[in-house]
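Trainee: Got a predicted structure plus its sequence, pasted below:
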Amino acid sequence: MLEKWVGLTFFFFLAMGLLEVRMGHASISLPKPPFDGKVSVEKAIKERRTIRDFKERTLSLAYLSQLLWAAQGITDPTIGRRAAPSGGALYPLDIYVLIGENGVEKMEAGSYHYLPKEHSVLLISKGDRRKEMASASLGQMWTAKAPVIFIITAEYKRTTWKYGERGIRYALIEVGHVGQNLFLQAEAMGLGAGIVGAFNDLEVSKVAGIPPKHEPLLIMPVGYKK
């Protein structure tokens, strides 16, 4: 009887989205991000350019941590506010990242899902999938040269339950905020970021292991500028 109760409780919390279970993988904690960089916002804005050519150079785990924090990290733990503004603080976006072979120190090549509350990543699948992602991006093979590729997705129901169809617009506005945060954080760290809006949604989701409820909106390869 106790085992049946535990099983039902588990599936209840899973259905409510309170548990994250993915192929038995545990989440990987990321280094704490610093909040006092040496490059001013003004300089980062002035110097930022869209980069389409990257060096074959490994990113540090600290740099991956900083980029993910800038995209969707928690900036106010007391109330859960994040780095990018969100309509009604409902946060419909999720960040996935493809890490290439030798793309990030101490990290296996694979597809990962960022968990803002824990500031950690969850391994979805192993293997370097950058070329497959480039093919899914309508053959934009330059993206496969970046050590990491960020995919920003939206789960619209998180906003539409409150704002109706208008909530879709709010999510689209928010993805622009996140993209700019990634651009400026990359520039401030001496990195460069590209941006891709042309891709096959279903293929992108298949390559990165993104669930159907998360719709891919934006792809951003990041690495050292060539």
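Mentor: Perfect, thanks for sending it.
Trainee: Looking at the protein, which helix is longest?
Mentor: Determined from DSSP state H, the single longest helix within the chain is helix 166-188.
Trainee: Could you pull up phi and psi at the residue nearest in space to the middle of the chain?
Mentor: Closest residue to the average C-alpha location of the chain: residue 95 at 2.2 Å, with Cα atoms, centre = their mean. Backbone geometry at residue 95, expressed as degrees, to the nearest 10, gives phi -110, psi 130.
Trainee: now swap in residue 88 and tell me
Mentor: Torsion angles at residue 88 (phi, psi; degrees, to the nearest 10) stand at phi 70, psi 10.
Trainee: Lowest mean pLDDT among the helices and strands of this protein, which one is it?
Mentor: Lowest mean confidence among the helices and strands of the chain (mean pLDDT, DSSP states H and E): helix 2-15, at a mean of 44.
Trainee: which is the next helix or strand following it?
Mentor: Counting by DSSP states H and E, the next helix or strand C-terminal to helix 2-15 is strand 27-29.
Trainee: now stretch 149-158: how far from the chain's centre is it?
Mentor: Stretch 149-158 sits 8 Å away from the centroid of its parent chain (Cα atoms, centre = their mean, to the nearest Å).
Trainee: Also stretch 183-202?
Mentor: Stretch 183-202 sits 11 Å away from the centroid of its parent chain (Cα atoms, centre = their mean).
Trainee: Give the buried residues for that stretch.
Mentor: 183-189, 191-196, 199 (16 or more other Cβ atoms under 10 Å). Where you see a C-beta, it was placed from the backbone N, CA and C, and this is true even at glycine.
Trainee: next one: stretch 110-130
Mentor: Neighbour counts over stretch 110-130 (16+ other Cβ under 10 Å) mark 110-116, 119-125, 128-130 as buried.
Trainee: go on, stretch 152-170?
Mentor: So, applying 16+ other Cβ under 10 Å, buried residues of stretch 152-170: 152-156, 158-160, 167-168, 170.
Trainee: how about JSON lines for these, with distance to residue 72, secondary structure and pLDDT added?
Mentor: JSON lines is the format used below for those (distance: Cβ to Cβ, whole Å; DSSP: H, G, I helix; E, B strand; the rest coil; pLDDT from 0 to 100):
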{"residue": "152", "distance to residue 72": "9", "secondary structure": "strand", "pLDDT": "98"}
{"residue": "153", "distance to residue 72": "11", "secondary structure": "strand", "pLDDT": "98"}
{"residue": "154", "distance to residue 72": "12", "secondary structure": "strand", "pLDDT": "98"}
{"residue": "155", "distance to residue 72": "13", "secondary structure": "coil", "pLDDT": "98"}
{"residue": "156", "distance to residue 72": "17", "secondary structure": "coil", "pLDDT": "98"}
{"residue": "158", "distance to residue 72": "13", "secondary structure": "helix", "pLDDT": "98"}
{"residue": "159", "distance to residue 72": "15", "secondary structure": "helix", "pLDDT": "98"}
{"residue": "160", "distance to residue 72": "20", "secondary structure": "helix", "pLDDT": "98"}
{"residue": "167", "distance to residue 72": "18", "secondary structure": "helix", "pLDDT": "98"}
{"residue": "168", "distance to residue 72": "19", "secondary structure": "helix", "pLDDT": "98"}
{"residue": "170", "distance to residue 72": "15", "secondary structure": "helix", "pLDDT": "98"}
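Trainee: Thanks a lot, catch you later.
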